[in-house]
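Undergrad: Take a look and give me a structure for this.
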Amino acid sequence: MLVTEEMVKTMKPGSIIVDLAVEQGGNCPLSKPDQVIEVDGVTLMGYTNLPARLAVDTSSLYARNLLNFVSLIVDKKTGALALNWDDEIVKGAGLTRDGAIVNPALKG
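TA: As a prediction, the model looks like this:
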């Protein structure tokens, strides 16, 4: 389990867990298939077909965002990977470069 019952008890009231693996047994033992429950102020969503519950526009928005991101890292003429490390978005999405960790969130 990724999220244990003990972990849920330490979460602040109002926290939300969306268990995308509930159909295969779940990432949290408290999740229940096709139910939204509350445990100690924490909401657990266990929808087995979450994409069917999302608006159609969500898929279009995600596709547009993905296209915009890929456009930043791929040369339009050659189709080859062309990372501009001076671009704020590319820099923020990068994890490693030349064998070194470059993302501040991953540096220990």
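Undergrad: Can you give me the neighbour number for the nearest residue to G94 once chain neighbours are set aside?
TA: Among residues not flanking G94 along the chain, V102 sits closest, at 5.3 Å (Cβ to Cβ, 6 or more residues apart in numbering). Backbone N, C-alpha and C define where each C-beta goes, glycine included. V102 has 13 neighbouring residues, counting by other Cβ atoms under 10 Å.
Undergrad: isn't V102 right next to T96, touching?
TA: Yes. Here V102 reaches T96: they are 6.1 Å apart, a contact under Cβ atoms under 8 Å.
Undergrad: For stretch 35-50, the averaged confidence score.
TA: The predicted model gives stretch 35-50 an average pLDDT of 95.
Undergrad: Pull out the buried positions in that stretch.
TA: If you call a residue buried by 16 or more other Cβ atoms under 10 Å, then stretch 35-50 has these buried ones: V42, L44, M45, G46, Y47.
Undergrad: What part of this structure, helix or strand, is modelled with the least confidence?
TA: Ranking every helix and strand in the chain by mean pLDDT, DSSP states H and E puts helix 50-53 at the bottom, with a mean of 83.
Undergrad: Who are the contact partners of the nearest residue to D19 once chain neighbours are set aside?
TA: Closest residue in space to D19, ignoring its immediate chain neighbours: S31 at 4.0 Å, by Cβ to Cβ, 6+ apart. Applying Cβ atoms under 8 Å, 6 or more residues apart in numbering, one finds that S31 lies in contact with I17, D19, V22, I37, L44, M45, G46.
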